[in-house]
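Peer 1: When you get a sec, could you give me coordinates for this:
(2 chains, ligands or ions: 3)
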Amino acid sequence: MTRAENKLNENDLDISVNLGGLILKNPVTVASGTFGYGMEYEDFVDISEIGGVIVKGTTLEPRSGNPIPRIVETPAGMLNAIGLENPGIDVFLRDFLPYLKEKGVTVIANIAGNTIEEYARIAAKIENSEGIAAIELNISCPNVKKGGLQFGTNPDTVKEVVEAVKRETSLPVIPKLSPNVTDIVEIAKAAKAGGADALSMINTLMGMAIDIKNKKPVLANIFGGLSGPAIKPVALRMIYQVYKEVTLPILGGGGILDYKDALEFIMAGATAVSIGTGNFVNPCLALEIVEGIKKYMVQENIKSISELVGAAVIK
Amino acid sequence: MSCMENGLVISHKKLGRDLYEIEFIAPRIAPCCQPGQFVHVKTGGTMDPLLRRPLSLYDVDEKLNSITLLYKVVGKGTELLTKIKVKENINVMGPLGKGFSLGDYKSVLLVGGGVGIAPLIYLARVLRERGCKVTVLYGAARSEELVAFDRLRSIGVELMLATMDGSAGYKGLVTELLYDKINPHDIEFIYTCGPEPMMVAVKDYADKYGIKGEVSLEENMACGVGACLGCARKLKPEDDHYVKVCKDGPVFSMADIK
Ligand SMILES: Cc1cc2nc3c(=O)[nH]c(=O)nc-3n(C[C@H](O)[C@H](O)[C@H](O)COP(=O)(O)OP(=O)(O)OC[C@H]3O[C@@H](n4cnc5c(N)ncnc54)[C@H](O)[C@@H]3O)c2cc1C
Ligand SMILES: Cc1cc2nc3c(=O)[nH]c(=O)nc-3n(C[C@H](O)[C@H](O)[C@H](O)COP(=O)(O)O)c2cc1C
Ligand code: FES
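Peer 2: Ligands and ions are numbered 1, 2, ... in the order given. Predicted structure coming up:
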């Protein structure tokens, strides 16, 4: 067969993915906290075309967030300590969700609680409303005093949180793992034992920056979460490790800036990817990455994106 | 409506120490602009700096569909921006934020300090075209930094200068001119942009005489569109909620701040 005969057309490609029961039309999502509620970017991109929009982390009660400064740029990345500022789950469901639903956006909620009961109560509220495709469990936020990271670093609580949420919902539940642990595989296994449908990884790495003029930390919260291309190698390594040991689909992210980065994540074992800080650099990035992946697939004669998942993992 | 656009640079010049003016054609953004809004600029193709930098609209040419920015080199991003050449592209998102309100005033006062004059130039021009009398107090450290002087002259405003070293106009703070030279009864509204202590002094003056006004605030930004909550700020220390400077501002009513 000559190469020309072999050539796939972009329309022949299958780029939809199944992330533990969550069906995405393409494997590129936008990460929680970096895309607001989607509307903020509507002028720039058709948000219903994005594989999935993971909305800002939502809590049971409204939160005003951390004192400022909350962000600082660092080489090839940034630190943030937003502190989960959000209007609370009720306001989200009432004021934002109907619009996103009408627009045909694939909405993934990202939820955080102070206690396991709070996670469960938010999940129950989501279960009773329409228009959310899956729940990402933020058990890895480094920027809040109570909850967040403390849930995500202990295997027993990870399992408990996932179980509690699974009891309340029929939606796919995707715990978002923290990289701020010694053994990510152990945490991933605990999430699986709790009934997780997929895993999201990684959240930000804890870091800090110091203002040498004033001799004090730059962020009011002292520590913040590092994101952006600086964390990409760490994210890839952790996804690779978990893919090898745990049989759950992975939503991979951390520093993705172009389609090549996205392909690296997929080849390390991610079924789908999430774009965070990259949205700030280029608000059209998610869809540009979808296009880039399609071109690559045509070029390499790959019909289904699933052929690439874990392709670089050495067994 | 805002969008992302590659603007063709048609002019880029150094105006004085660390101060540059760049003009580019932006056919989709330029027609949508309002004074006080900003563009979010990709200063280069690097990963350090990675994020965009917000810069105010210095002026917009509605015929050419061009946007002009005035910027001061203070760090990596603005330094990188100086490298963009004429005929090259500059990638910007815009117009972003809430600009100045344009009431039906007969006489207003603009107070600008340093590079804070940038949004006030576009504002002054638009107000003059609406037939409003515009008085401008313009201050800087020294005369070479009063780079918007010619523009202000051609717009046709009542102009008073102040420099810290006395090399042009009044010697001292621009806000001292408020009490010396301005008759508060002639002023219906005050607009200000510049260093925060200056804007605080302007607000104190406005409060004293019961004049309404607006300020343009700055905060470090990541997204520029209200999505990341990084540019949050409390307008009054006792407020229990934060505003987003990029989306709720950068222009705020003086009545709302403290
Ligand atoms: C809405 C808005 C409109 C703006 N409009 C203009 C404009 O029209 N013209 C203009 O020149 N600037 C303007 N700025 C400020 C401009 O965005 C910053 O100066 C710029 O982002 C600095 O980037 P950098 O990479 O060069 O400096 P960085 O590397 O980010 O910072 C270098 C050093 O400069 C300091 N720095 C950062 N920002 C400022 C600042 N604003 N003033 C003094 N020091 C600073 C930092 O603390 C750091 O120490 C505006 C800001 C906002 C929020
Ligand atoms: C400003 C900002 C806010 C964030 N807020 C949240 C959040 O509310 N919930 C969450 O699970 N992750 C949050 N994150 C983490 C991102 O979703 C993402 O996991 C992380 O930034 C790594 O991806 P990136 O390098 O592509 O940005 C936030 C990140 C940033 C930069
Ligand atoms: S810069 Fe992101 S919300 Fe203002």
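Peer 1: ok, now which ones touch residue 232?
Peer 2: Unless you meant another one, I'm taking chain A. Going by CB atoms under 8 Å, 6 or more residues apart in numbering or on different chains, A:Lys232 touches A:Gly254, A:Gly255, A:Ile256, A:Asp261, A:Glu264. Backbone N, C-alpha and C define where each C-beta goes, glycine included.
Peer 1: To clarify, I was referring to chain B.
Peer 2: Applying CB under 8 Å, 6+ apart, the residues near B:Ala232 are A:Gly65, A:Ile68, A:Arg70, A:Ile82, A:Glu85, B:Glu219, B:Tyr242, B:Val243, B:Lys244, B:Val245.
Peer 1: Just give me how far the strand or helix carrying A:Val91 sits from the chain centre.
Peer 2: Secondary structure assignment for A:Val91, by DSSP states H and E: helix A:89-91. Distance of helix A:89-91 from the chain centroid (CA atoms, centre = their mean, to the nearest Å) equals 21 Å.
Peer 1: Check stretch B:21-30 too.
Peer 2: Chain-centre distance of stretch B:21-30: 16 Å, with CA atoms, centre = their mean.
Peer 1: Could you do stretch A:159-176 as well?
Peer 2: Relative to its parent chain, stretch A:159-176 has a centroid offset of 16 Å by CA atoms, centre = their mean.
Peer 1: Stretch A:54-69 too?
Peer 2: Its chain's C-alpha centre and that of stretch A:54-69 lie 16 Å apart, by CA atoms, centre = their mean.
Peer 1: same thing with stretch B:6-18?
Peer 2: 17 Å.
Peer 1: low pLDDT regions in the chain?
Peer 2: Assuming you mean chain A. Across chain A, the ranges flagged by pLDDT under 70 are A:1-6, A:141-149.
Peer 1: Determine the longest helix present in it.
Peer 2: In chain A, with assignment by DSSP state H, the single longest helix is helix A:285-300.
Peer 1: ok, and for the helix or strand B:Pro197 falls within, which residues are buried?
Peer 2: Counting by DSSP H and E, the element that carries B:Pro197 is helix B:196-208. In terms of neighbour count (16 or more other CB atoms under 10 Å in any protein chain shown), helix B:196-208 has its buried residues at B:Met198, B:Met199, B:Ala201, B:Val202, B:Lys203, B:Tyr205, B:Ala206.
Peer 1: helices or strands next to the longest helix of chain A in the packing?
Peer 2: strand A:28-30, helix A:259-268, strand A:272-275, helix A:278-281 (3 or more CB pairs under 8 Å, 6 or more residues apart in numbering or on different chains; DSSP states H and E).
Peer 1: what would the ones you listed look like in TSV with distance to B:Leu109 and mean neighbour count?
Peer 2: Shown next, in TSV, are the helices and strands packed on helix A:285-300 (distance: least, CB to CB, whole Å; neighbours: other CB atoms under 10 Å in any protein chain shown):
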stretch	distance to B:Leu109	mean neighbour count
strand A:28-30	44	28
helix A:259-268	51	22
strand A:272-275	46	29
helix A:278-281	36	24
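Peer 1: Next, format the ones you listed as a markdown table and append distance to A:Gly224.
Peer 2: Below are these laid out as a markdown table (distance: least, CB to CB, whole Å):
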| stretch | distance to A:Gly224 |
| --- | --- |
| strand A:28-30 | 20 |
| helix A:259-268 | 22 |
| strand A:272-275 | 19 |
| helix A:278-281 | 15 |
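Peer 1: Which stretch among the ones you listed approaches chain B most closely?
Peer 2: Among the helices and strands packed on helix A:285-300, helix A:278-281 comes nearest to chain B, with 4.7 Å by CB to the nearest CB.
Peer 1: I'd assumed B:Asn6 was in a helix, is it?
Peer 2: No - according to DSSP: H, G, I helix; E, B strand; the rest coil, B:Asn6 belongs to no helix; its state is strand.
Peer 1: Confirm for me that it is in contact with B:Asn91.
Peer 2: Yes - in this structure, B:Asn6 is within contact of B:Asn91 by CB atoms under 8 Å, at 5.4 Å.
Peer 1: With neighbour numbers in mind, choose between these two.
Peer 2: Using other CB atoms under 10 Å in any protein chain shown, the more surrounded residue of B:Asn6 and B:Asn91 is B:Asn91, with 19 against 14.
Peer 1: in which helix or strand would I find that one?
Peer 2: In this assignment (DSSP H and E), B:Asn91 forms part of strand B:89-96.
Peer 1: hmm, who's touching the helix or strand just after that strand?
Peer 2: Proceeding N to C from strand B:89-96, the next assigned helix or strand is strand B:107-113, under DSSP H and E. With CB under 8 Å, 6+ apart as the test, strand B:107-113 has contacts from B:120, B:123-124, B:127, B:132-140, B:148, B:157, B:174-175, B:178, B:182, B:186-195, B:198, B:202.
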